[in-house]
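Peer 1: How does the following fold in three dimensions:
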Amino acid sequence: MGSEMYFNEDHEQLRRTVRSFVDKEINPHVDAWEAQGLIPLHDLFKKMGDLGLLGIRYEPEYGGQGLDYWFETVFLEELGNIRCGGVPMAISVQTNMATPAIHEFGSEFLKQKYLKPAVAGDAVAAIAVTEPDAGSDVSAIKTTARRDGDSFVINGSKTYITNGTQADFLTLLARSSDAPGYHSFSLLVVPTNLPGFVVSKKLDKIGMRSSDTAELFFDSLRVPAENLIGVEGEGFIQQMRQFQHERFSVLPILYISARNIIQGTIEFLRQRIVFGKPLITKQVLRHRLADWLTETECLRQLTYHIVRMKSAGQDATKEISMAKLFGATLLCKVSEGCLRMHGGMGYMTETQVSRAFRDAYLASIGGGANEVMSEIIARLEGF
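Peer 2: Below is the predicted model:
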């Protein structure tokens, strides 16, 4: 894939470590976890934490590796080789969604108490933003965090929360003021062992079967004021910045997953004989696969451009939004097309391509729907 231009031997050493871990500790269990609808996250994250895989870019004083975005990209690419979408999602929630705001805006106290255990794999984290009436429109959230002396009192509910049934703490966005505008929200670290926290429901999804997704309820839950992340009232702004970490983390997983689906389909078409010839000899199929491989490579190169921008400290919001939109659309198209190329076999639940098809569609909904990405791109282009 021409990756030696971007990655040196140190990067490749990390790649071998992650690949070996995926091959030995994850892929052999994926079918069972998919059937159970649950990944044993405390067990899995502890093993990953012991290998230093949960804090690649975080400083060593918090248990991290202190490495750059290229190392993180290697890590995320290898997550794309996991044989389902649910496990990479659970891991990236821990590394790129629930912890970046604590790392970027949190006090030393919060970093020691919550970031460090998350990086070590001793605590499972979740990001709690979405609500029944507030998905794409984050500013519509109704969950409140009212200041009461040296505490915040939280009331409300969150839904579609990945890792929600197993999380030890949540990075939670709540409305902390009734004032209009975007400066009325605060981010808080909420431990789930406090009175007033309830997992009201484990949700049942079309795909991402192994990943537990929960509806959460908060009934006058009292959390210490020192659990405030950053500045009171600036949680919305902080969360918008965090979304860039989240959307970036999806990109390497998207193009590696797409490439793997295509490669698996090529293998199938080589072996499938129809009217005396392998299906791979059909020009219409060959050209379709070639087009998809080309688009997959375009996504990879846009991602590498984003890594260069991030490494240079530039704002890559537009490029990340473009890559997320393009990648989510591509994965849906590739998984559906490859499923059709498998014929009746593709429609069987036990095949890899049918799982890929079911898992793919969340990419165009979660972490910012395609329509939201298009709106961001239009706005940043000035129309």
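
Peer 1: Going by C-alpha atoms from here, please, whenever you check contacts or count neighbours.
Peer 2: Will do.

Peer 1: Show me the helices in the stretch 251-383 of the chain, by range?
Peer 2: Secondary structure of the stretch 251-383 of the chain by DSSP state H, counting those that start in this stretch: the helices cover 283-311, 317-341, 352-360, 370-380.

Peer 1: Run through who's touching the helix or strand encompassing residue 30.
Peer 2: Taking DSSP states H and E as the definition, residue 30 sits inside helix 30-36. Residues from elsewhere that reach helix 30-36, judged by CA atoms under 8 Å, 6 or more residues apart in numbering: 39, 83, 84, 208, 209, 210, 211.

Peer 1: just for the stretch 1-150 of the chain, where's the confidence low?
Peer 2: 1-3 (pLDDT under 70).

Peer 1: quick one, helices of it?
Peer 2: Using DSSP H, counting those that start in this stretch, helices in the stretch 1-150 of the chain cover 9-21, 30-36, 41-50, 69-79, 86-92, 100-105, 108-110, 116-120.

Peer 1: closest to residue 231 out of these?
Peer 2: helix 100-105 (8.2 Å; CA to CA).

Peer 1: List every C-alpha atom in that closest one, with coordinates, as PDB.
Peer 2: Listed next in PDB are the C-alpha coordinates belonging to helix 100-105 (Å, rounded to 0.1, in the frame of the first residue of the first chain):
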ATOM      1  CA  PRO A 100      -9.800  13.400  25.000                       C
ATOM      2  CA  ALA A 101     -11.800  16.100  26.700                       C
ATOM      3  CA  ILE A 102     -10.400  15.000  30.100                       C
ATOM      4  CA  HIS A 103      -6.900  15.000  28.600                       C
ATOM      5  CA  GLU A 104      -7.300  18.400  26.900                       C
ATOM      6  CA  PHE A 105      -9.400  20.400  29.400                       C
END
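
Peer 1: List the buried residues for it?
Peer 2: 100, 101, 102, 103, 105 (16 or more other CA atoms under 10 Å).

Peer 1: Would you check how far apart the first one and residue 179 are?
Peer 2: This means residue 100. Plainly put, residue 100 is 27 Å away from residue 179 if you go by CA to CA, to the nearest Å.

Peer 1: now do the third one
Peer 2: Plainly put, residue 102 is 25 Å away from residue 179 if you go by CA to CA.

Peer 1: next one: the fourth one
Peer 2: Residue 103 sits 28 Å away from residue 179, going by CA to CA.

Peer 1: Also the last one?
Peer 2: Relative to residue 179, residue 105 is positioned 23 Å away (criterion: CA to CA).

Peer 1: ok, back up a step: which parts of the helix holding residue 30 count as buried, going by neighbours?
Peer 2: 30, 31, 33, 34.

Peer 1: Save those as TSV, and put in distance to residue 189 too.
Peer 2: Below are these laid out as TSV (distance: CA to CA, whole Å):
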residue	distance to residue 189
30	30
31	33
33	28
34	29
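
Peer 1: from these, which single one is nearest residue 196?
Peer 2: With CA to CA as the yardstick, the closest approach to residue 196 among the buried residues of helix 30-36 comes from residue 33, at 29.5 Å.

Peer 1: for the closest residue to residue 139 other than its chain neighbours, what are its contacts?
Peer 2: Of all residues not flanking residue 139 in the chain, residue 182 sits nearest, at 7.0 Å (CA to CA, 6 or more residues apart in numbering). Residue 182 is in contact with 139, 234, 236, 237, counting by CA under 8 Å, 6+ apart.

Peer 1: change it to 10 Å
Peer 2: By CA atoms under 10 Å, 6 or more residues apart in numbering, residue 182 lies in contact with 138, 139, 175, 233, 234, 235, 236, 237.

Peer 1: Most neighbours of all the contacts of helix 30-36, which one?
Peer 2: Highest neighbour count within those: residue 211, with 30 neighbours (other CA atoms under 10 Å).

Peer 1: Not counting sequence-adjacent ones, nearest residue to residue 280?
Peer 2: Take residue 280 and drop its neighbours on the chain: the residue closest to it by CA to CA, 6+ apart is residue 269, 4.8 Å away.

Peer 1: The one you found - how many residues pack around it?
Peer 2: Counted by other CA under 10 Å, the residues lying close to residue 269 total 20.

Peer 1: now the helices of the stretch 251-383 of the chain in JSON lines, with mean pLDDT and distance to residue 186?
Peer 2: Shown next, in JSON lines, are these (pLDDT from 0 to 100; distance: least, CA to CA, whole Å):
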{"stretch": "helix 283-311", "mean pLDDT": "98", "distance to residue 186": "26"}
{"stretch": "helix 317-341", "mean pLDDT": "98", "distance to residue 186": "22"}
{"stretch": "helix 352-360", "mean pLDDT": "98", "distance to residue 186": "32"}
{"stretch": "helix 370-380", "mean pLDDT": "96", "distance to residue 186": "23"}
